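> Provided below for reference: sequence and predicted model.
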Amino acid sequence: MQRDNETLNLYDESLQRVNGTLYRYNEEAPLAVYILNNMTIQDRAEYDTYLRAFLGVFRKYQGEILAAVDRPEPIEGEWPYDRTILLRFPSREEALRWSESPEYQEIAQHRWNSTQSNVVILDEFAPPSDSRF
């Protein structure tokens with residue numbers, strides 16, 4: 001956790017992390033988080049089983065689908081993935097509540113069995129109060 005705080009202090013000392021959720025000091029609303037999944041689909045039929053159940057669970061957790069792109073065209077380098085998904089949640093707490101929920105864990109088995117996924121959670125960027133960026 002100390003490493004996270006050091007990283008945060010590099011760009012803005014007005015941020016704080018409380019129970020894993022990033023907040024700006026003196027504000028009650030947490031910063032949003034984004035989940036990025038770059039995947040290679042290995043079994044389309046099983047992945048489709050996951051997709052059919054996904055929205056019913058996802059909608060219960062205040063998430064938004066910002067992008068779902070098959071074979072995105074890279075503007076630099078190579079992109080070896082079949083599909084890229086970008087999700088947004090109002091807070092890290094809500095994102096983890098979704099991803100760790102028994103409902104999602106049950107359907108996630110189909111994604112785990114059918115794809116090779118690289119998934120990260122990213123904190124929303126909050127420009128420093130002194131506008132260095």
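It's in. Given the structure is predicted, the values throughout are model-derived calculations rather than measurements.
> could you use CA atoms for every contact and neighbour count after this?
Fine.
> are we agreed that residue 75 is in a helix?
No: judged by DSSP: H, G, I helix; E, B strand; the rest coil, residue 75 forms no part of a helix; its state is coil.
> ok, now which ones touch residue 90?
By C-alpha atoms under 8 Å, 6 or more residues apart in numbering, the contact set of residue 90 is 30, 31, 32, 33, 62, 63.
> again, only this time at 10 Å
Contact analysis of residue 90 by C-alpha atoms under 10 Å, 6 or more residues apart in numbering lists 29, 30, 31, 32, 33, 34, 61, 62, 63, 64, 124.
> nearest residue to the residue nearest the centre of the chain in space, please, no chain neighbours.
Nearest residue to the geometric centre of the chain (C-alpha atoms, centre = their mean): residue 35, 1.0 Å. Among residues not flanking residue 35 along the chain, residue 121 sits closest, at 4.5 Å (C-alpha to C-alpha, 6 or more residues apart in numbering).
> I appreciate the help and will end here.
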